Every structure is written in structure tokens, then in C-alpha cells.
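Novice: Following is a predicted model, sequence given first.
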Amino acid sequence: MDLSGASQANITFVTDAGHRISSDDIVGAMLQSFGDNFQESQQSEAKAKRFLDQALSFPPDSFDGVLVWDAFQFLAPPLINQTVDKLMRVVRPGGMILAFFNANEKIKEIPLYSYRIQDGKTLQQVRRGPPQNVQNFNNRMIEKLFESASSVKFFLTRDNLREVLVRR
């Protein structure tokens, strides 16, 4: 499942590798539920419930893998914990999750992006919204977030992102 919304580039890359793909736009659900200011609006119980009702509403064990991209860093506790719980339910045991977290802990906001897989080594970021405040995560916070997973592996990229691979 690709949580960056439907993209022909991602669909082609995944299906050419012999897999099926489903798309869900989690950032679009954030924009619909919270408007232009994610962090402030998440404090509203009604808006948070609306987001949770829209996001990841799939049967348990529906997917072998999920491309989350950087969406989680826009969610604040307790909403991120509830969203990760829903995600862990829809991923099959042994399934994989790819998530990005900005490793620069001094950064306060980043633009919203959609992600397009160009090839096995190239990922294109397409700007899709105004900069948003981000929740900064260190490795320990990410481990705690995915504590129900069987493994969590971190890779630091040269462009200051933590790539996180989670196995359910």
C-alpha cells in the first residue's frame, strides 16, 4: 500500500516488480480533517476522530507492505500512536513498513510532499502543500512508536532523513 496517494510512477514500479498495489492518501486525509494547520487542529477531538475514521480503514492483515513516507512526523501524540496501531493491524505478520523521519532535530517545519518512485535508486519528491510543523523523533522515540513490531531498522541518508524499516 502506498500512503502517498495514487501515482502512476509508483503503480508502474510496484506492478512491474510483480506485486499488486493499493493507494491511500494519508496526507490528503490530514488536509481534509485538519485544514492547513495540522498540529494545532489535532487537539480537536472531533477532527482527530474524523481523521482516524478516514485513515487506514482496511480489514486486518490486508497488506504485505506499506509505504508511509514522511506522513507520521506531522502527527502529534496521542494521534500518531492511534494511527500506528491501526497501521500495525492492517499489515500482515511479517509484513514491512517504510517510513521516513527528518533527522534534523532543529527543524521546525517542512513542506508536504508526495513521493514518486522513479527507479530502484531514485525517489522524486513532489511538493503538495505549505510547510507544516513537524514532530521531531529520535531513534528511541521511533522504537517506542513501533514497540509492537518484531524489528525496527534505521538508515540515515545523506539528505538528513531517517529511513525506517519496520517488520510486523
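Specialist: Arrived safely. Residues are numbered from 1 along each chain as shown.
Novice: Name the residues of the host helix or strand of residue 64 that come out as buried.
Specialist: Using DSSP states H and E, the element containing residue 64 is strand 63-69. By 16 or more other C-beta atoms under 10 Å, the buried positions in strand 63-69 come out as 63, 65-69. (Glycine included, C-beta is placed from N, CA and C.)
Novice: do stretch 140-150 as well
Specialist: Buried, per 16+ other C-beta under 10 Å, within stretch 140-150: 142, 145-146, 149.
Novice: Check stretch 86-97 too.
Specialist: Those would be 87-88, 90-91, 95-97, for stretch 86-97 by 16+ other C-beta under 10 Å.
Novice: Just the CA trace of that stretch, in CSV.
Specialist: Extracted in CSV, the C-alpha atoms of stretch 86-97 (Å, rounded to 0.1, in the frame of the first residue of the first chain):
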residue,chain,number,x,y,z
LYS,A,86,-4.3,1.0,13.0
LEU,A,87,-1.4,0.6,10.6
MET,A,88,0.0,-2.4,12.5
ARG,A,89,-3.4,-4.1,12.3
VAL,A,90,-3.7,-3.8,8.5
VAL,A,91,-0.2,-5.1,7.9
ARG,A,92,0.2,-8.9,7.8
PRO,A,93,2.5,-10.6,10.3
GLY,A,94,6.0,-10.4,8.7
GLY,A,95,4.9,-7.5,6.5
MET,A,96,7.1,-4.4,6.1
ILE,A,97,6.6,-0.7,6.6
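Novice: Give the residue spans of this protein that score low on pLDDT.
Specialist: Filtered on pLDDT under 70, the chain yields no residues whatsoever.
Novice: and the longest helix belonging to the chain, how far out from the chain's middle?
Specialist: Criterion DSSP state H: the longest helix present in the chain is helix 79-90. In terms of C-alpha atoms, centre = their mean, to the nearest Å, the centre of helix 79-90 is set 11 Å apart from its chain centre.
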